[in-house]
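Chemist: No sequence on hand, only this structure:
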């Protein structure tokens with residue numbers, strides 16, 4: 001049996017006993033780390049970008065500092081791979097499925113908007129890169145009524161052709177390229193599938209329908225941000241059948257704007273919040289009270305706040321099941337010393353059928369009157385406090401469900417915010433009421449951020465993961481400070497993908513001090529434990545990152561100053577019930593990233609106790625390794641010896657019960 005040429009200089013015995021003590025591995029037993037909940041979630045986020053010698057007491061101090069924060073859930077899923085950063089040479093000749101937003105295409109948000117231009121740019125960019133573009137989208141009857149010329153897929157394809165100034169070919173019937181004659185795909189023409197609303201598999205996120213949508217596409221580009229809160233075959237299911245899933249130019253821009261809502265670098269920050277249904281919006285309101293330096297409630301929500309503050313409010317305007325949530329918001333505002341404002345007067349409609357409008361004190365008697373909108377003294381109050389703030393969020397309507405002709409407050413509020421935007425105040429508009437109002441008032445020189453679809457923003461503020469974003473491939477959100485992480489960041493780098501409990505790397509780092517070791521692991525709790533072990537021993541050639549290496553490997557390792565000499569993947573969990581998940585860790589994107597970054601003669605070590613899993617990984621690397629990866633020596637029918645003298649925890653368990661381990665070593669030529 002030929003030995004591998006793997007080169008690591010050992011500074012001591014390859015076997016270190018006992019395992020836990022030699023690795024300096026410590027498990028914290030106090031509840032502050034492993035009891036779950038918001039405290040653990042916040043700790044996870046901080047540990048990912050903290051220096052590894054940071055003490056646990058400092059972490060507790062940070063936890064105490066932001067104990068009012070509701071941003072407990074990790075938002076790493078928001079950092080997605082984008083078309084902008086995807087290598088253009090990898091697009092040439094590939095079939096790329098693009099999900100477009102019909103609301104943009106059909107002018108629902110106005111003609112020639114910046115958002116529409118970005119969406120069209122996505123298609124033109126792919127076309128210029130010589131990709132084979134397939135457009136998937138949907139258009140409902142409302143959009144068709146606004147655009148009566150759109151009567152069929154043929155007329156829609158003609159409409160798209162006029163927008164893009166490129167030939168768009170419609171494909172009738174069920175989506176898929178199986179019935180499409182490829183010889184018709186001449187001169188790189190663009191393909192349009194049938195209206196997705198015609199198929200039940202779209203809303204059901206049907207696996208078979210998702211596969212038909214992909215139909216030979218290797219890359220998926222999502223440019224329909226307004227559907228991010230939904231689970232659809234065309235935004236979520238399709239990603240299972242494409243090796244790369246990216247954000248288009250419009251999607252990327254909208255996502256960056258969404259993140260700005262929770263950015264508090266510009267302060268003070270005030271939110272003007274309208275609409276109704278306090279109970280359903282309570283999680284989002286808790287988020288806002290933790291972020292903002294002031295809240296101004298208008299619309300029906302204001303009645304709940306006024307009632308919680310002990311004011312007299314007609315019973316028909318009170319949500320009895322939301323009283324506890326209201327009191328919680330008020331308590332947090334007092335703890336954080338954040339002012340809460342509410343209307344001092346209201347425009348009201350007389351109930352005597354005369355259509356008379358009158359201004360009524362908001363804490364006065366409203367018998368015989370129906371609230372219509374905020375009154376003049378309320379607007380005067382808003383106008384007086386707005387100059388105190390550098391950032392403004394307006395979300396939800398100011399009126400009380402009456403027709404628009406009774407809504408003068410929104411127009412005047414728009415004028416107030418228009419002036420603020422010219423005074424260098426950052427203005428964010430959410431929902432059709434806010435967006436349409438300021439679009440009428442503001443000229444093109446005014447700068448503001450708008451989200452026509454309020455549902456996406458509300459779901460985001462509630463702390464919920466948006467499926468359309470989560471389905472896309474990720475990039476690592478931070479740039480690792482290698483000089484702080486490692487004592488010498490120019491040493492050869494070894495990366496263990498799926499590092500688990502870290503025991504393998506702890507032993508490798510102690511045995512081979514002339515290399516740096518990086519563990520990439522999805523399980524954040526395991527990474528927290530590993531980082532605690534690293535910090536307690538002050539290791540300077542070992543580090544761990546919580547991430548899905550399948551899509552983030554390139555963005556993490558590409559910035560390393562030294563050379564990548566070895567990548568190990570050991571015993572990924574097989575899923576024999578779902579064929580498409582059996583080797584879900586090893587995908588084309590990961591293989592290409594490793595191949596690109598690995599130095600010449602660098603190695604890839606694959607190991608599993610299930611031979612079919614090893615064969616699957618090996619085939620993926622040889623297939624997608626661009627001919628640069630070869631089997632290094634003789635792997636003895638996958639029964640080669642462990643070349644390191646260091647075994648993983650699971651490997652030790654398998655060998656102890658007398659079962660075989662299957663291994664192979666690949667080398668970059």
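Modeler: Perfect, I can see it now. If you're wondering where the values come from, they're calculated on a predicted model, not measured in any experiment. Residues are numbered from 1 along each chain as shown.
Chemist: ok, residue 663 - contacts?
Modeler: 605, 606, 607, 614, 635, 638, 639, 640, 641, 642 (C-beta atoms under 8 Å, 6 or more residues apart in numbering). Backbone N, C-alpha and C define where each C-beta goes, glycine included.
Chemist: Selection in ChimeraX covering whichever of those are buried, please.
Modeler: Listed next is the ChimeraX selection for buried residues among the contacts of residue 663, using 16 or more other C-beta atoms under 10 Å:
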select :605,606,607,614,635,638,640,642
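Chemist: So which of the contacts of residue 663 are in strands?
Modeler: 605, 606, 607 (DSSP state E).
Chemist: Please verify my assumption that the first one contacts residue 667.
Modeler: In this case it means residue 605. No. Between residue 605 and residue 667 there is no contact under C-beta atoms under 8 Å: 10.3 Å.
Chemist: Can you list the low-confidence ranges for this structure?
Modeler: 1-75, 107-112, 141-151, 176-188, 354, 364, 401-407, 439-446, 574-585, 635 (pLDDT under 70).
Chemist: Domains in the protein, by residue range?
Modeler: Using the TED database, the domain parsing of the chain gives 83-257, 265-441, 479-668.
Chemist: Can you lay out these as CSV showing distance to residue 463?
Modeler: Output for the domains of the chain, formatted as CSV (distance: least, C-beta to C-beta, whole Å):
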stretch, distance to residue 463
domain 83-257, 13
domain 265-441, 6
domain 479-668, 16
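Chemist: Give the helix, strand or coil label for residue 565.
Modeler: strand (DSSP: H, G, I helix; E, B strand; the rest coil).
Chemist: gap between it and residue 502?
Modeler: 20 Å (C-beta to C-beta, to the nearest Å).
Chemist: Remind me which helix or strand residue 325 belongs to.
Modeler: helix 323-336 (DSSP states H and E).
Chemist: Output the contacting helices and strands for that helix.
Modeler: Counting by 3 or more C-beta pairs under 8 Å, 6 or more residues apart in numbering; DSSP states H and E, the packing neighbours recorded for helix 323-336 are helix 278-291, helix 301-308, strand 340-341.
Chemist: So for residue 572, which of those sits nearest?
Modeler: helix 278-291 (35.6 Å; C-beta to C-beta).
Chemist: Show me what that closest one packs onto, helices and strands only.
Modeler: Helix 278-291 packs on strand 269-273, strand 294-297, helix 301-308, helix 323-336, helix 454-461, going by 3+ C-beta pairs under 8 Å, 6+ apart.
Chemist: wait, which of the ones in strands among the contacts of residue 663 is closest to residue 129?
Modeler: When the ones in strands among the contacts of residue 663 are compared against residue 129 (criterion: C-beta to C-beta), the nearest one is residue 606, at 32.7 Å.
Chemist: isn't the closest one right up against residue 620?
Modeler: No. The pair residue 606 / residue 620 is not scored as a contact, 9.6 Å apart, by C-beta under 8 Å.
Chemist: Can you say which helix or strand has residue 509 in it?
Modeler: helix 503-511.
Chemist: helix or strand right after that helix?
Modeler: By DSSP H and E, the next helix or strand past helix 503-511 is strand 516-521.
Chemist: what sits up against that next one?
Modeler: Residues outside strand 516-521 that contact it (C-beta under 8 Å, 6+ apart): 486, 488-489, 491-500, 502, 505, 508-509, 527, 530, 541-547, 549, 552-553, 556-557, 562.
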